[in-house]
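Asks: Need the 3D shape of this:
(2 chains)
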2 protein chains.
Amino acid sequence: MTLMNRRVTLKERPTGLAGPEHFAMDEQPVRAPAEGEVLIETLLLSVDPAMRVWISENPGYVEPVLPGEVMRAGGIGRVLESRSPTVRPGDLVQARLGWQTHTTLPGSVLQRLDPALGSALDWIGPLGGTALTAYFGILDVGAAKAGETVLVSAASGGVGQMAGQIAKLAGCRVVGTAGGPEKCAFVTRELGFDEAIDYKAEPDIKAAIRRTCPDGIDVYFDNVGGPTLDAALGAIRLRGRIAVCGRISQTATAEVYGIRNMGVLIGKRARIEGFLVFDYADRYDEARRWLSGHLKAGRLKQRLHVLDGLERAPEGLTMLFRGGNTGKLVVRVAKED
Amino acid sequence: MTLMNRRVTLKERPTGLAGPEHFAMDEQPVRAPAEGEVLIETLLLSVDPAMRVWISENPGYVEPVLPGEVMRAGGIGRVLESRSPTVRPGDLVQARLGWQTHTTLPGSVLQRLDPALGSALDWIGPLGGTALTAYFGILDVGAAKAGETVLVSAASGGVGQMAGQIAKLAGCRVVGTAGGPEKCAFVTRELGFDEAIDYKAEPDIKAAIRRTCPDGIDVYFDNVGGPTLDAALGAIRLRGRIAVCGRISQTATAEVYGIRNMGVLIGKRARIEGFLVFDYADRYDEARRWLSGHLKAGRLKQRLHVLDGLERAPEGLTMLFRGGNTGKLVVRVAKED
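Replies: Alright, predicted model coming up:
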């Protein structure tokens, strides 16, 4: 019996929100690994805001996904067959597996995961790419120090959860923004944020920041861009830092919001800096040891929002931009055991 | 005969452009120096964009000038009488002298100038605060490196002239923006900029940057803010730096321009950072030695636009914001000898 690979390919580029109508499903026979290659069964796929950028015409920093191609996605898989000396059948690996049940890749692009540090769900969650993004954004780009006030937007999302907890572990006072009372309660009660701003209940974000950060903001971890970034700039303290990780409020809109508070940068000697986690690849081990230590000690957690079945991946992308998920969004393609 | 101090005081806060109608002139007897104080005769006063900010209601990083007070201004003076051990009659000093012919200040706030490094005109020009601002903005905040492309806005202005020449001395390719063919010819032919953009002749600044910086911008030295900052952001290269020194296009306008290109920061891992020269006070000597060396070797020059007479100072402020000056704007209150 031929092993079949179920795939989700890009049908056409969305102009606004991406959803099921922009993708197609098909099946193809799995390709047997050549010398140096590995056949992998997908277990978990990460759903991230950046994926909407990858299917736009000009993502800028990576090649766009072309119509007809399997949708690009990072994930965790299990090795079924290996002709590479670096991994063995049964190993857990991380790679750009894409939206498909099986993939055949060179062993050299796989990262073998240490099961002693965590399960597959840990590896896509609190040890995964979103956690690494939060780690370098807070500690390196934002350079958050004990006693400082840190604002994190999209605080209940994949990166936001980790960013806020990492800032707390660094000794900061942490305020998060999230949509709705349930998400706000989650970040304050379960994740230990000091305060939360429910941007749906309190649409005047300037006033909300003034209320929750009366002495201003030292570090703003920006996941959303737009008016929240503008308001954070307006409240920035002397030598404040803004680490720009994402801009989900601006990614799928036609009308881009114009930032008006740039003038404060001079008097405040403040900095706005964009970053991508890939640039820190040579420090992933350092970050993972730190994250794993806190994870095992119970000082760090990540809530995952799991969608079961590959066919739900496109709907996950819509959910992410509508704010329908609570926690980092993951598609479970196959069970770990 | 009593020595009289002619003064220009703030009459009322401007809402838009500042000009003669917002200031008043009067005369008061000069105050004799007390123990530790020094009586100074003003020679030269610097006219800088920041001064418009100082007479706004909330400058942010300094106290506002209040109506009735002498207008704040940095300048160079000559010591007439000294009861301070640090300076002697005849010495050249730099201080916040204000718009007045004479002032009595504690010796501790004066900076004694070394006549071996340059004349009073040198000290207000290529060794003065605008030159220091350019030095730290290009070499420290912008961290310009040999081979990089640097864009400088308001290139024929006080800071811009120096910023571009310093970037050239650092081995960069330098493009400047200026208003009108005369200013553009000045920065390319006299100051050695590689290219100039005449923003009056070529109002599509995005296209002008594409034409003159086809491979993008590594460092943008921002004196103007607004659409030029937005366009520079759109052309920023990987790990590009924007040093925000001023925003003259936005200082005296009611409608602030919204910056739309913030999204590029992420993919380009780019940085926008504001700065004030005062923060570098402990490195002024280093900068002045560097500037003086290049000045004496003929590798650095600064064109000054000199207005003669204290009474012309308010008109200088208007001229600065209308772009009427070519070169750093200075008011000559008295001759050096």
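Asks: mind checking the SS state of the residue sitting nearest the centre point of chain A?
Replies: Centroid-nearest residue in chain A, with Cα atoms, centre = their mean: A:Thr130, separated by 4.0 Å. Following DSSP: H, G, I helix; E, B strand; the rest coil, we place A:Thr130 in the helix state.
Asks: Quick check: closest non-adjacent residue to the residue of the stretch 51-200 of chain A found nearest chain B.
Replies: Closest to chain B within the stretch 51-200 of chain A is A:Tyr61: 3.5 Å, counting by Cβ to the nearest Cβ. Every residue, glycine included, has its C-beta placed from N, CA and C. What sits nearest to A:Tyr61 in space, not counting adjacent residues and going by Cβ to Cβ, 6 or more residues apart in numbering or on different chains, is B:Gly267, at 3.5 Å.
Asks: who touches that neighbour in this structure?
Replies: Neighbouring residues of B:Gly267 by Cβ atoms under 8 Å, 6 or more residues apart in numbering or on different chains: A:59-61, A:274, A:276.
Asks: Which of the residues you listed has the largest number of neighbours?
Replies: A:Gly274 (26 neighbours; other Cβ atoms under 10 Å in any protein chain shown).
Asks: Check the gap between that one and chain B for me.
Replies: Distance, A:Gly274 to chain B, by Cβ to the nearest Cβ, to the nearest Å: 3 Å.
Asks: pLDDT value on the residue of the stretch 51-200 of chain A closest to chain B, please?
Replies: Per-residue pLDDT puts A:Tyr61 at 78.
Asks: and what of the one 4 residues further on?
Replies: At A:Val65 the predicted local distance difference test score is 96.
Asks: going on from the worst-scoring helix or strand of chain A on mean pLDDT, what's the next piece of helix or strand?
Replies: Ranked by mean pLDDT, DSSP states H and E, the weakest helix or strand in chain A is helix A:248-251, scoring a mean of 79. Next in sequence after helix A:248-251, counting helices and strands by DSSP states H and E, comes helix A:264-268.
Asks: Downstream of that following helix, the next helix or strand is which one?
Replies: strand A:271-274.
Asks: Partner strands of that following strand, with direction?
Replies: In its sheet, strand A:271-274 lies beside strand A:236-244 (parallel), strand B:271-274 (antiparallel), with partners assigned from DSSP bridges.
Asks: Give me the distance from the last one to the chain's centre.
Replies: In terms of Cα atoms, centre = their mean, to the nearest Å, the centre of strand B:271-274 is found 19 Å from the chain centre.
Asks: Give the burial count for the residue in chain A positioned nearest to chain B, as a bare number.
Replies: Going by Cβ to the nearest Cβ, chain B is nearest to A:Gly258 of chain A, at 1.7 Å. Applying other Cβ under 10 Å, we find 16 other residues in the vicinity of A:Gly258.
Asks: per-domain residue ranges of chain A.
Replies: Domain assignment for chain A by automatic domain parsing gives A:4-125+A:303-332, A:129-278.
Asks: Deepest in the core, which of these is it.
Replies: Counting by mean count of other Cβ atoms under 10 Å in any protein chain shown, domain A:129-278 has the highest mean neighbour count of the domains of chain A, with a mean of 22.
Asks: now the end-to-end length of that one.
Replies: End-to-end distance of domain A:129-278 (Cα to Cα, to the nearest Å): 9 Å.
Asks: can you pull the contacts of A:Thr251?
Replies: By Cβ under 8 Å, 6+ apart, the contact set of A:Thr251 is A:49, A:52-53, A:321.
Asks: Sorry, slip of the keys, the one I care about is A:Val150.
Replies: So A:Val150 contacts A:138, A:142, A:144, A:164, A:167, A:172-175, A:217-221 (Cβ under 8 Å, 6+ apart).
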